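# structure, please.
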Amino acid sequence: MNRRLFIQAGALGSLALVAPFLIASRAQSAGAAGTKRQGIVIQVSDNDPAKWNLALNNAKNLQDDVGAANVDIEIVAYGPGIGMLKLESPTGSRIADAGKAGIKVTACENTMRGQKLTKDDMLTGISYVPAGVTEIMKKQHEGWAYLRP
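Predicted structure coming up:
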């Protein structure tokens, strides 16, 4: 019993020491109303319109819930997921609408090279990063939330 209390006390003490740093590292710029702007990076690595629609629905619902002005959203596509960013994509119109709503949709250039795709093969209005996985890692390091639908 004493050992359990000792372990619990140590865990709570560690949390008390670390919590202020975790909270401070997540804080981003404050908005006009004093609310903290949040960020979320959404990974899509499946060539599946249903997964893409789910990711797009998640992004829109998040904007509706917390307000588009209070959240930065980036959808990062790599691997097989890059297929839904091609010109003939069945989700192309929804991706364009997401861009108009301030949702950043990003393609991995490593995947594009591997699939012999150029920017001319891709939807207009999307962004590009050298490596999709690295982009996700950087965003998480900056304190962004991560979602993989």
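# excluding chain neighbours, what is closest to the spatially most central residue of the chain?
With distances taken as Cα atoms, centre = their mean, V41 lies nearest the centre of the chain, 0.8 Å away. Closest residue in space to V41, ignoring its immediate chain neighbours: K139 at 4.0 Å, by Cβ to Cβ, 6 or more residues apart in numbering. Any C-beta I mention is one placed from the backbone N, CA and C, and that applies to glycine too.
# now P49
Spatial nearest neighbour of P49, excluding adjacent residues (Cβ to Cβ, 6+ apart): P90 at 5.0 Å.
# that neighbour reaches N47, doesn't it?
No - P90 sits out of contact with N47 when judged by Cβ atoms under 8 Å, with a separation of 10.7 Å.
# anything in contact with each of the two?
Any residue near both P90 and N47 by Cβ atoms under 8 Å, 6 or more residues apart in numbering counts here, and that gives M84.
# quick check: K119 touching S127?
No - at 10.6 Å, K119 and S127 do not qualify as touching, with contact defined as Cβ under 8 Å.
# hang on, the earlier thing: the helix or strand hosting the residue nearest to the centre of the chain: partners in the sheet, and parallel or antiparallel?
Counting by DSSP states H and E, the element that carries V41 is strand 38-44. The partner list of strand 38-44 in its sheet, established with DSSP bridges, is strand 71-77 (parallel), strand 145-147 (parallel).
# export those to TSV and tack on distance to D65?
What follows is the strands paired with strand 38-44, written out as TSV (distance: least, Cβ to Cβ, whole Å):
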stretch	distance to D65
strand 71-77	9
strand 145-147	13
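# wait, which of those strands is closest to L54?
When the strands paired with strand 38-44 are ranked by distance to L54, counting by Cβ to Cβ, first place goes to strand 145-147 at 10.0 Å.
# show the low-confidence segments of the chain, by residue range.
Within the chain, the segments meeting pLDDT under 70 span 1-35.
# repeat the analysis, applying 80 as the threshold.
When the per-residue scores of the chain are filtered using pLDDT under 80, the ranges that remain are 1-36.
# follow-up on the earlier one: so which of the strands paired with strand 38-44 is the most packed in?
Of these, the one with the most neighbours on average (mean count of other Cβ atoms under 10 Å) is strand 71-77, at a mean of 23.
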